[in-house]
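Peer 1: Dropping a prediction and its sequence here:
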Amino acid sequence: MTFNPLEQQGIPLDRQLRNWRELNVPQLDPDHSDPYARCRVITMNGIEVEAIMFGHHFARHCPDLDVRRQLAEVRYIEQQQQKAVNWLLPGLASVLETTIAYEQVAVDLTAWVARMEPDPYLKQAFEFGMLEDFDHLYRYANLYELIEHRKAEKIVDALTEVMPGRPTPLHHRHPIDNVRDHYDKDTASPISKLHTLTIMAAEQQTMNFYMNVGPEYMEEIARRLYQEIGLIEEEHVTHYESLLDPNETWWEMLVNHEYNECYMYYSFMETESDDRLKSIWELHLAMELEHLRIACDLMRRHQGREPAEILAPSFPEPVTFEPNKIYIREILATQIDLTTLGTGYVRDAHERFQRFQDRLHGGEPAPSDQVLEETTAKFGQDYRMETEGPHPVPSMRRPAH
């Protein structure tokens, strides 16, 4: 069944304001919920935060008072949506447990998007970042065992493997090598624009999360790991945002953001396993349909263009959280030794990369390696969950005893 959001009726904006009781959403049960339900919550929080921040940036560049008022009205509702979504996360979960869930999102959402992406350059960009998030999951899982004495399978279940990816210390590149070529707004597939917005938003919320929660730890090793991976998230946001075409007008960007919100809520409404969450996705989709209508009217009025010229006539297949183990293993086996040079990728550590590495690490082990050293010293080996057999890269396998 096709779903064209431009033809759907949403909830009128003046009926979207919710009171405190309506915003008091039930928390997920951290011990009995589907891990992918939590992933959908984290993803939609990232989508909402991006919509809010984009609305603020638009308002700061818009001289039209009526437009700024319209953006403010919609943005307040987006803030309520963000509060309803993010407050679904369980208060019982530790910051590190939520972190591991964030990295599960980064791995399986990016892997799914890469599998579905028609543009080879964008696909490569998604695969490159995914292998780094995969290693972040592994490092945080080891920190979890080290300081909380618990195992990450409690959080990710057997849905996502936990084992080495591209080693985290090698993620630190000169900033100019994190800037990619952008797609062409006039020739790119609509699904490519949605994919890029989605992954950028997901990485951006991870960057923001680590910026804020890292110093809340007392343990020095935890503080240092969040500091290190937090800097890599800056690289990832640069990597993904540079794929967006900066020639898009504010009106095009506004319409694309609202369309993507509709698409993501529709996707999760269609695939949600938790009925309580499904009803929230359904409600928010009905709200976003009205936000999209408003954005389209603004585009017609101020740019004189029909939004249908740039939007897909119906939604693509729903974004789906599902295991990507075999696909990830294939990418590990073929791309683990890549780094970036300019807007492309190379297998050799070039001079600019090496200079940056030497300056940043200063001849000492990176915090991400120290986590593994301390975990191994304490428990006799690192923490892994390899459900599909030995690591596909022989050099990454545990040494035989």
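Peer 2: Received the coordinates, thanks.

Peer 1: Okay, now the unreliable bits of the stretch 251-400 of the chain?
Peer 2: Within the stretch 251-400 of the chain, no stretch has pLDDT under 70.

Peer 1: repeat that for 90
Peer 2: 399-400 (pLDDT under 90).

Peer 1: what's near enough to touch residue 371?
Peer 2: Neighbouring residues of residue 371 by C-beta atoms under 8 Å, 6 or more residues apart in numbering: 139, 142-143, 146, 221, 225. No exception for glycine: its C-beta is placed from N, CA and C like everyone else's.

Peer 1: Among those residues, name the ones in strands.
Peer 2: Residues of the contacts of residue 371 located in strands (DSSP state E): none.

Peer 1: Helices of this protein, start to end?
Peer 2: For the chain, helices defined by DSSP state H occupy the ranges 20-23, 35-60, 65-86, 95-116, 120-148, 153-156, 190-213, 220-241, 250-271, 275-303, 325-335, 351-361, 367-379.

Peer 1: ok, and the closest non-adjacent residue to the spatially most central residue of the chain?
Peer 2: Central residue of the chain (C-alpha atoms, centre = their mean): residue 202, 2.1 Å from the mean position. Using C-beta to C-beta, 6 or more residues apart in numbering and skipping residues adjacent in sequence, the residue nearest residue 202 is residue 46, 4.5 Å away.

Peer 1: next one: residue 372
Peer 2: In space, and not counting its chain neighbours, residue 372 is closest to residue 382: 5.3 Å by C-beta to C-beta, 6+ apart.

Peer 1: what do you get for residue 164?
Peer 2: Once flanking residues are discounted, residue 164 sits nearest to residue 396: 4.7 Å by C-beta to C-beta, 6+ apart.

Peer 1: which residues touch stretch 126-138?
Peer 2: Applying C-beta under 8 Å, 6+ apart, the contact partners of stretch 126-138 are 100, 103-104, 106-107, 110-111, 113-114, 117, 152, 156, 160, 162-168, 171, 195, 199, 203, 229, 232, 236, 239-240, 328, 331-332, 335-336, 338, 340, 345, 368, 383-384.

Peer 1: actually stretch 170-189, not the one I typed
Peer 2: 118-119, 121-122, 125, 132, 135, 192-193, 196, 231-232, 235, 238-239, 242-248, 252, 310, 339-343, 352-353, 355-357, 360-361, 366.

Peer 1: Derive a PyMOL selection command for the buried subset of those.
Peer 2: Provided next is the PyMOL selection string for whichever of those are buried by 16 or more other C-beta atoms under 10 Å:
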select buried, resi 119+122+125+132+135+192+193+196+232+235+238+239+242+243+244+245+248+252+310+339+340+341+353+356+357+366
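
Peer 1: Specify the stretch among the helices of the chain that is closest to residue 315.
Peer 2: Among those, the nearest to residue 315 by C-beta to C-beta is helix 250-271 (5.3 Å).

Peer 1: so what does the closest one touch, helix or strand wise?
Peer 2: Using 3 or more C-beta pairs under 8 Å, 6 or more residues apart in numbering; DSSP states H and E, the elements in contact with helix 250-271 are helix 35-60, helix 190-213, helix 275-303.
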